[in-house]
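Colleague: Got a predicted model here, sequence first, then my questions.
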Amino acid sequence: MFKKLVIAAIIIIVPIIWFGAKAMADVRVKDIARINSQNEVSLIGYGLVVGLEGTGDGKGTIFTVQSLVNMLQRMGVTVPVDKVKIKNVAAVIVTAALPPGSKQGSSIDCTVSSLGDATSLKGGTLLMTPMSAVDGRGFGYSSGPISIGGFNVQVDENNKIVNNYTLVGRIPNGFHVDVDYSMEDFDCQLLQLSLTNPDFTTADRLKDKINEVFPGSAYPLDAGTVELVVPDSLQMKSGWVKFVSCVENLTIEPDVPARVVINEKTGTIVAGENVSIAPVALAHGTITISIKSVPVISQPAPFSQGKTVETQESFIDVTDEEARIVYFEERTNISEVASALNAIGATPRDVISIFQALKAAGALRAQLVIL
């Protein structure tokens with residue numbers, strides 16, 4: 001039996017690949033901003049999933065039992081609560097996002113999540129579930145077969161195979177709209193464009209681009225909002241729709257702040273193109289601990305009526321790799337930073353520690369975000 005534990009290093013050593021070394025290309029306005037009146041409505045509902053193959057809620061899930069009994073009573077079927085078995089039924093929460101402009105008869109996707117102690121929603125069908133907004137307004141209902149994209153097989157308590165997550169699924173076009181969701185109180189003469197990621201530089205560039213096509217139509221209010229005045233020639237009938245369409249399809253280069261995002265749980269590192277480092281000397285080493293267990297057999301003497309005994313003898317070896325001191329000259333973009341880190345053979349786990357140390361030393365010219 002041989003175990004190996006590597007501290008401050010990832011087991012699989014891969015080169016660090018950085019995206020964004022190239023200047024950011026222009027993007028459409030509609031991909032980085034939205035019209036303020038176009039807000040989605042979050043919908044939620046409580047329902048039952050039936051048709052499960054013994055993977056539903058347990059008898060201790062009282063709300064599932066009560067919900068099933070109530071539903072059957074509304075259908076004219078009376079069943080004693082203590083006689084109900086719910087292993088093929090699961091209580092769920094259903095969610096959906098209703099986009100503006102949705103009309104009666106249209107359908108959108110919805111998400112179904114287990115609420116009780118079911119083990120899988122695979123093969124289940126959601127019964128008709130009313131969906132409402134946070135203010136209680138009903139907009140329609142969800143129903144249909146659930147798509148999981150995984151499986152859960154359990155032979156006994158100690159033998160189980162799980163592929164992907166089976167307690168949350170989706171129903172394509174599962175939510176059916178019964179009530180129109182129109183853009184109420186919509187001012188087609190004065191609009192506001194909200195940036196997904198507020199930034200003064202991006203807002204100013206957006207204003208300049210719009211005014212190139214529609215002079216005097218755009219005024220930035222703050223880092224996240226640009227006010228639009230619809231030209232007089234487009235205020236009649238559906239002219240403002242043409243105006244919004246033209247604005248949405250304009251392209252600009254958004255400004256991105258220098259930021260390094262680290263997820264230490266997965267070893268993921270994402271850095272923007274504007275990340276740079278000051279001149280700095282860096283040394284980073286790796287400690288490797290090897291634990292080896294060797295079986296030792298104790299054999300008794302002949303005719304001694306003793307028993308053969310097997311024991312384990314452990315050997316521990318600690319190796320501290322020699323750290324090289326490397327001098328980094330000033331790096332002005334993420335491509336140069338990546339090349340420097342790859343040159344010293346840094347793994348993703350190493351890079352996480354290096355970035356944290358660079359930030360503490362004041363050499364990292366970027367915001368460090370740890371998830």
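Modeller: Arrived safely, thanks for sending.
Colleague: so where is the stretch 201-350 of the chain shaky, pLDDT-wise?
Modeller: Scanning the stretch 201-350 of the chain with the threshold set as pLDDT under 70 gives 235-237, 283-294, 296, 300-301, 303-306, 309-334, 336, 343-346.
Colleague: rerun at 80
Modeller: For the stretch 201-350 of the chain, residues meeting the criterion pLDDT under 80 lie at 232-240, 264-267, 272-274, 276-350.
Colleague: how about the strands in it?
Modeller: For the stretch 201-350 of the chain, applying DSSP state E, counting those that start in this stretch gives strands covering 218-220, 225-229, 251-252, 259-263, 268-271, 276-277, 280-283, 287-298, 309-320, 325-328.
Colleague: and the fourth one, which strands flank it?
Modeller: When you say that, I think you mean strand 259-263. Sheet pairing here is set by DSSP bridges, and for strand 259-263 it gives strand 268-271 (antiparallel), strand 367-370 (parallel).
Colleague: nearest to P198, of these?
Modeller: strand 367-370 (14.9 Å; CB to CB). C-betas here are computed from N, CA, C, even on glycine.
Colleague: what's the average pLDDT for the closest one?
Modeller: Mean pLDDT, strand 367-370: 84.
Colleague: gap between that strand and the chain center?
Modeller: 18 Å (CA atoms, centre = their mean, to the nearest Å).
Colleague: Identify all contacting residues around it.
Modeller: Residues external to strand 367-370 that are found in contact with it (CB atoms under 8 Å, 6 or more residues apart in numbering): P257, A258, R259, V260, V261, I262, N263, E264, F355, Q356, K359.
Colleague: List only buried entries from those residues.
Modeller: Neighbour-count burial (16 or more other CB atoms under 10 Å) applied to those gives V260, I262, F355, Q356, K359.
Colleague: I'd like those residues laid out as JSON lines, including distance to R137.
Modeller: Formatted as JSON lines, the buried ones among the contacts of strand 367-370 follow (distance: CB to CB, whole Å):
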{"residue": "V260", "distance to R137": "43"}
{"residue": "I262", "distance to R137": "42"}
{"residue": "F355", "distance to R137": "47"}
{"residue": "Q356", "distance to R137": "48"}
{"residue": "K359", "distance to R137": "48"}
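Colleague: now, which of those sits nearest G138?
Modeller: Using CB to CB, these come closest to G138 at I262, 43.6 Å.
Colleague: Could you break the chain into its assigned domains?
Modeller: Following automatic domain parsing, one gets these domains for the chain: 2-22+259-370, 41-177, 187-252.
Colleague: now the last one, how far from the centre of its chain.
Modeller: Here the centre of mass of C-alpha atoms in domain 187-252, compared against the chain's by CA atoms, centre = their mean, lies 30 Å away.
Colleague: and the strand or helix carrying V69, what's its mean pLDDT?
Modeller: Per DSSP states H and E, V69 falls inside helix 62-74. Averaging pLDDT along helix 62-74 gives 91.
Colleague: got the CA positions of it in PDB?
Modeller: In PDB, the C-alpha atoms belonging to helix 62-74 read as follows (Å, rounded to 0.1, in the frame of the first residue of the first chain):
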ATOM      1  CA  ILE A  62     -44.900  14.500   6.000                       C
ATOM      2  CA  PHE A  63     -45.500  17.400   3.500                       C
ATOM      3  CA  THR A  64     -45.300  15.000   0.600                       C
ATOM      4  CA  VAL A  65     -47.800  12.600   2.100                       C
ATOM      5  CA  GLN A  66     -50.200  15.500   2.900                       C
ATOM      6  CA  SER A  67     -49.800  17.000  -0.600                       C
ATOM      7  CA  LEU A  68     -50.600  13.700  -2.200                       C
ATOM      8  CA  VAL A  69     -53.600  13.100   0.000                       C
ATOM      9  CA  ASN A  70     -55.000  16.600  -0.600                       C
ATOM     10  CA  MET A  71     -54.600  16.200  -4.400                       C
ATOM     11  CA  LEU A  72     -56.400  12.900  -4.400                       C
ATOM     12  CA  GLN A  73     -59.200  14.400  -2.300                       C
ATOM     13  CA  ARG A  74     -59.700  17.200  -4.900                       C
END
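Colleague: If you count contacts, what does it end up packed against?
Modeller: Judged by 3 or more CB pairs under 8 Å, 6 or more residues apart in numbering; DSSP states H and E, the packing partners of helix 62-74 are strand 41-50, strand 90-98.
Colleague: I'd like these laid out as CSV, including distance to T129.
Modeller: As requested, the helices and strands packed on helix 62-74 are exported to CSV (distance: least, CB to CB, whole Å):
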stretch, distance to T129
strand 41-50, 3
strand 90-98, 5
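Colleague: With that, I have no additional questions.
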